[in-house]
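Q: Could you look at this predicted model? Sequence included:
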Amino acid sequence: MHYVMVSPTEAGGTSEFAFTYHYHEPLAVGQLVEVPFGRRTSLGVVTGASTKPEFTTKPISSLLDIVLPTHIVALGVWLHEYYLASPAAVWQTMLPAGITRKRRGAKPTADTFAIEHHEVTLTKEQAAGLATIRQNKHRTHLLHGVTGSGKTELYLDLAREAIENSQSVIILVPEIALAPQLEARFRAVFGDIVVAQHSRQTEAQRHQAWVKAFEAREPRIIIGPRSSLFLPLAKVGLIVVDEAHETSYKQEQAPRYQAATTAGKLSQLTEARLILGSATPSLETRYLATKGLIGYVRLAQRPDGLPMPKARIIDLRDKDLLSQSRFISTPLLDSLKVTLAEKRQSLLFINRRGSASSQICADCGTVNLCPNCELPLTFHADQMKLICHYCNFQRSPQATCESCGSSGLRYLGGGTKRIESEITRLLPQARLARLDKDSATPAYIQEVHKGLQDHSIDILIGTQMIAKGLDLPNLDLVGVISADTMLHLPDYTAAERTFQLINQVSGRAGRRQRQGEVIIQSYTPEHPAIVAAATHLEEPFIATELETRRMLGYPPFSHLLKLSCSMSTQSKTHAKAEELAETIRKITGVTVLGPAPSFLEQTEKAFHWQLIIKSPVRARLIEIARSAPSGWTIDLDPGNLL
Ligand code: ADP
Ligand code: ZN
Ligand code: ZN
């Protein structure tokens, strides 16, 4: 008799990943099987051999004719151990639903537009960067290149090398808005071996893509969202995480994995090269590069020699500038008019997240901070209170500003629709398009894209999704409606995120021989994050941020665990959270923040509270998470603390 470890794909517990079963012949790692589990039969994955255990084992019921690549199995085990995800969560993410069923051909996904490939001669900087990567001193490289510096050209060269070695390539892109353009560029070079994945694929399409990857005889280039990491490709030679600093690489449901980190694990398992591409790398990634743990390649110039657009910061505290509109300052409006008259395009960026917001003084820019944590208090309209989401400090909103006595206190906010109607009023002749989470279907993104290319759109208004990647030849002006909205979110990464976003969105302006114009509106125009993004002098800002993190013990100098729970009443939720916090506070080597209400404390049926636990030792956090009572949501390396 042979004993093997099998991970049942329906097991929901987080403590065990695989259980011992027996079979009359040896089985390969990755073999899909059916096993009795509880009272049912479950699909299972063989994760390894086992010795005969003390207890009696159950037999494997049957074998399927699928053996997963061993690196996929190892990646599944790692997801469980590193993020404390249950086998069910892991396998539901890694394997298509109904993997055992034969399916008829699914409808292929939307067609993409075609572009021609123009062979370029690499600039000195690009060539040197490529040479560094090819030296293979490190398997992972941070490719730190300003927007438009030609990172994609390097991806193309590295992909060619992998394909020539019969190895597949995985290119992760953070938002669906970016995929079509990148796909078109790769398709122009590599043709049909380029396969695009979308996060909105149907189950059937997903299944088909999985089977195709599994059965592929020749190497492929996969371009897609974070789940593309889990395609069962035989050999992987290159993984690219484009815009690697993007927060959307963190999955917000179990398994709560970070795709760039997971790509690192996959590259280790497959010995594939890993490129983390970004114009504004996260502090964590920069820190790894500084310490020499990963390689570093810098592209500081654009190949066309154009300088990065310089940004103008508009001080919204100056009321005279808001005489024509509450949201659009006169300088921004004037520039919009000029751009329109010159038959060029503009982009208006609205930084919007969450529905609650901070209270800011429209006269002096002061934001109400928590006296304990020095983080912005969040306004909760339902309770008419300002609340700190780290320590639960509360107070009523004031009528006048503490610093200057002004009664002009405002709540930050204002969505895309509001700005759209404002622009319609101010510039009725302009042709507008709006792109945000509500409107962004893949078809609509394509349409907007086309509209921008053939210039049937003059002004594009949008959120985060328009900040990145779009290469728009006719775009001259970028306006940031309010740089403060994200700056004053109660999160330790708020300044970094603001810097990144403004940087990214300004990078859209001025390509192809025209220097663009960037206008940033802000109530706190002197804030280092805004100044750094506007002037492109980032080093001092990054150094200060890093020092702050070191002092306060935030990543990269510690690891974080977010534990959250939901109950039907506020007092019950609070009590439950306090009880767990009390237990954890007794553990040495960790710091507990909270409990406090979550950023969105109340949803339809429940109240949400959370605890943040910090430790320099990640294993400590895993232990704590393992011993958390049921009903708690475990999030290791949370993408945000909101
Ligand atoms: P990134 O990916 O860093 O944003 P891209 O690779 O998209 O930059 O390059 C921006 C633009 O510059 C593209 O239109 C690209 O074709 C062009 N480009 C990149 N490298 C070169 C080069 N060496 N010579 C000429 N044009 C280049
Ligand atoms: Zn004030
Ligand atoms: Zn606080």
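A: Great, that's in hand. Ligands and ions are numbered 1, 2, ... in the order given.
Q: Just say helix, strand or coil for residue 44.
A: Here residue 44 takes the strand state, with states given by DSSP: H, G, I helix; E, B strand; the rest coil.
Q: Test my guess that it contacts residue 5.
A: No - using Cβ atoms under 8 Å, residue 44 and residue 5 do not qualify as a contacting pair, with a distance of 9.6 Å. From N, CA and C alone the C-beta is placed, and that goes for glycine too.
Q: Out of the two, name the residue with the larger neighbour count.
A: residue 44 (29 against 19; other Cβ atoms under 10 Å).
Q: excluding its backbone neighbours, what's nearest the more buried one?
A: Computed as Cβ to Cβ, 6 or more residues apart in numbering, the closest residue to residue 44 that is not its neighbour in sequence is residue 6, at 4.1 Å.
Q: Assign the one you found to helix, strand or coil.
A: Classification of residue 6 by three-state DSSP places it in strand.
Q: just to revisit the earlier point, overlap in contacts of residue 44 and residue 5?
A: residue 21 (Cβ atoms under 8 Å, 6 or more residues apart in numbering).
Q: Okay, and the residue nearest to residue 629 when sequence neighbours are not counted sits in which element?
A: Closest residue to residue 629 apart from its sequence neighbours, by Cβ to Cβ, 6+ apart: residue 580 at 7.0 Å. Under the criterion of DSSP states H and E, residue 580 resides in helix 570-585.
Q: What score does residue 96 have for pLDDT?
A: Residue 96 is assigned 91 on the pLDDT scale.
Q: Please report how far it lies from residue 478.
A: Note on residue 96: its distance to residue 478, by Cβ to Cβ, to the nearest Å, is 40 Å.
Q: Give me the more crowded residue out of the two.
A: For the pair residue 96 and residue 478, the greater number of neighbours falls to residue 478 (29 against 21), based on other Cβ under 10 Å.
Q: The more buried one falls within a strand, correct?
A: Yes - under the criterion used here (three-state DSSP), residue 478 sits inside a strand.
Q: dump the residue contacts of it.
A: The neighbourhood of residue 478, defined by Cβ under 8 Å, 6+ apart, consists of 309, 346-349, 505-506, 508-509, 516-519.
Q: May I have the beta-bridge partners of it?
A: Following DSSP bridges, residue 478 is listed with bridge partners residue 347, residue 518.
Q: Next one, pLDDT for it please.
A: For residue 478, the model assigns a pLDDT of 91.
Q: I'd like the distance between it and residue 378.
A: Remark: distance between residue 478 and residue 378 (Cβ to Cβ) = 28 Å.
Q: try residue 182
A: In this structure, residue 182 lies at 36 Å from residue 378, with Cβ to Cβ as the measure.
Q: and those two? which has more neighbours close in?
A: The neighbour count for residue 182 versus residue 378, taken as other Cβ under 10 Å, is higher for residue 378 (26 against 20).
Q: Distance check, the more buried one against residue 641.
A: 12 Å.
Q: thinking again about what came up before, counting neighbours, which of the contacts of residue 478 comes out on top?
A: Scoring the contacts of residue 478 on neighbours with other Cβ under 10 Å, the highest-scoring entry is residue 346 at 30 neighbours.
Q: Now that that one has come up, it's in contact with residue 479, right?
A: Yes - with contact defined as Cβ under 8 Å, residue 346 reaches residue 479; the gap is 6.7 Å.
Q: what touches both of those two?
A: What both residue 346 and residue 479 touch, as defined by Cβ under 8 Å, 6+ apart, is the set 335-336.
Q: Spit out the contact partners of the residue nearest the centre of the chain.
A: With distances taken as Cα atoms, centre = their mean, the chain has residue 248 as the residue nearest its mean C-alpha position (2.0 Å). Neighbour list for residue 248: 174-175 [criterion: Cβ under 8 Å, 6+ apart].
Q: where does it fall, phi/psi-wise?
A: When quoted as degrees, to the nearest 10, the phi and psi of residue 248 stand at phi -70, psi -10.
Q: I'm done for today, thanks for sticking with me.
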